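Engineer: No sequence on hand, only this structure:
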């Protein structure tokens, strides 16, 4: 049994991240605020990074968060995670662990029930990168 290397890029680009964001928001405008993105600003090892996102919302049927999306500009796939919520979620927050490929900007975007989009952004420095290996089958 052998390994086959699949040629491809190890990183997305900021332009590819913007294209991934456009696929989520369409032509809507994203406003800054209401979204609190929390992850360490200095990451020793990008293989398992704690990330949480909280969005200011009453989470009522008339006013709630429909989805939270997290994007990175240098991971192989810029859309890191998308979580879909409803008013019965109780609060608009998520917590997970992610891989961060390199020093970069991380952006969280909340899609609200009224069709608006809000964001929070954070710059992180990674000393030992993750997601660097080429695809192997």
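Structural biologist: Nice, thanks for sending it over. All values reported here derive from a predicted model rather than from experimental measurement.
Engineer: The residue nearest to residue 87 when sequence neighbours are not counted: what's it in contact with?
Structural biologist: Using Cβ to Cβ, 6 or more residues apart in numbering and skipping the chain neighbours, the partner closest in space to residue 87 is residue 64 (4.2 Å). From N, CA and C alone the C-beta is placed, and that goes for glycine too. The contact partners of residue 64, by Cβ atoms under 8 Å, 6 or more residues apart in numbering, come to 57, 58, 85, 86, 87, 89, 92, 112, 113.
Engineer: And residue 64, how far from residue 37?
Structural biologist: Between residue 64 and residue 37 the distance, using Cβ to Cβ, to the nearest Å, works out to 19 Å.
Engineer: can you check residue 92 too?
Structural biologist: Distance from residue 92 to residue 37, counting by Cβ to Cβ: 13 Å.
Engineer: And for residue 85?
Structural biologist: Applying Cβ to Cβ, the value for residue 85 to residue 37 is 16 Å.
Engineer: what about the two, which has more around it?
Structural biologist: residue 85 (22 against 19; other Cβ atoms under 10 Å).
Engineer: what's in contact with stretch 108-116?
Structural biologist: With Cβ under 8 Å, 6+ apart, stretch 108-116 has contacts from 21, 24-25, 28, 30-31, 34-35, 37, 53, 55, 57, 62-71, 87, 92, 117-121.
Engineer: next one: that stretch to chain centre, how far?
Structural biologist: Relative to its chain's centre, stretch 108-116 lies at 14 Å (Cα atoms, centre = their mean, to the nearest Å).
Engineer: what does stretch 59-77 give?
Structural biologist: The chain centre lies 8 Å from the centre of stretch 59-77; the measure is Cα atoms, centre = their mean.
Engineer: Just the buried positions in that stretch, please.
Structural biologist: 59, 64-76 (16 or more other Cβ atoms under 10 Å).
Engineer: Thanks again, I'm all set now.
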